[in-house]
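Enquirer: attaching a predicted model along with its sequence, questions to come.
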Amino acid sequence: MTGIDAHTHLDQGRFDPEILTLGERLGIDLFLCSNIGAFQPHPGVEEVREMNRVLVSELRRHPKHLRGYCYVNPRYGRASLEDLRRNVEEYGMIGIKLWIATLADDPLSDPILEYAAERRLIVLAHAWRKTVGRFPYESTAAHIAAAARRHPEVRFIMAHLGGQAESAINTVRDVPNVAVDTSGTIIGASEVALAVDRLGSSRVVFGSDLHHIDLAANVGKVLGAGLNPEASTRVFGGTVAGWLSEVAA
């Protein structure tokens, strides 16, 4: 089975080929990738279009190993939806990346999420609960849960186990269309095990947050969680492979 990393980014507009070599050794063959450029919280519509154009170029360079999330700033309404449609319908992107331009449950996101439901796209949504230093429109697990309840046909991946694993897991536990990914420097083997125990292995997916963190360390935290072989297979790509097969590209 192909191992899948469901949460990666370009690094200065490129996907490092050495990571593909490392992935082959570690059993990770497919990387789902977005491009959020220089990490501006509120990029303009033309900046977002350019980030997605750069990602398309990288998808073409590595067609066997990369699939793309279209980065979307929902604040630009029709222009954002048009860019999303183009990247899905013309360039084969398989999902949407929501970062910190708008809260996940803001009504501005509704047209984007309605399109995601129509095309069976995967929505990778950043979430992080912070005591200090939170960005003004940085979603928490509560925002992801609210958006998912309003759009029950959309598949959400809540990134980083919400940035505070136990409370975030409890917040989305009764929202079945929310999965979580294993990325994040504060997430270790015990948090992965907790997520699988409370959500089930079909709602926990492997993600690394490349290029900002080591791939091997992220694989190690899942291996260290003590999962049974069936659960490990689901986390390392079995569930996401099923979702990808349903994306209406």
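Expert: Cool, the structure landed.
Enquirer: which parts of the longest helix along the chain are buried?
Expert: Looking across the chain with DSSP state H, the single longest helix is helix 45-61. Across helix 45-61, burial judged by 16 or more other Cβ atoms under 10 Å covers 48-49, 51-52, 54-56, 58-59. Bear in mind the C-beta positions are built from the backbone N, C-alpha and C, glycine included.
Enquirer: grab the most central residue of the protein for me.
Expert: L124 (3.1 Å; Cα atoms, centre = their mean).
Enquirer: OK, contacts around that one?
Expert: Applying Cβ atoms under 8 Å, 6 or more residues apart in numbering, we find L124 in contact with 6-7, 32, 34, 69, 95-98, 157, 159, 181.
Enquirer: D209 versus L26, what's the distance?
Expert: Here L26 is placed at a distance of 15 Å from D209 (Cβ to Cβ, to the nearest Å).
Enquirer: between these two, point out the one with more neighbours.
Expert: D209 (21 against 18; other Cβ atoms under 10 Å).
Enquirer: thought G226 was touching V196?
Expert: No. With contact defined as Cβ atoms under 8 Å, G226 does not reach V196; the gap is 9.4 Å.
Enquirer: which one of the two is surrounded by more residues?
Expert: V196 (25 against 13).
Enquirer: so which strand or helix has that one?
Expert: helix 189-199 (DSSP states H and E).
Enquirer: return that helix as CSV; C-alpha atoms alone will do.
Expert: Taking C-alpha atoms only, helix 189-199 is exported to CSV below (Å, rounded to 0.1, in the frame of the first residue of the first chain):
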residue,chain,number,x,y,z
ALA,A,189,3.3,9.1,20.2
SER,A,190,1.0,9.3,23.2
GLU,A,191,-1.1,12.0,21.5
VAL,A,192,-1.4,9.8,18.4
ALA,A,193,-2.5,6.8,20.5
LEU,A,194,-5.0,9.0,22.4
ALA,A,195,-6.5,10.2,19.1
VAL,A,196,-6.9,6.7,17.7
ASP,A,197,-8.4,5.5,21.0
ARG,A,198,-11.0,8.2,21.1
LEU,A,199,-11.7,8.8,17.4
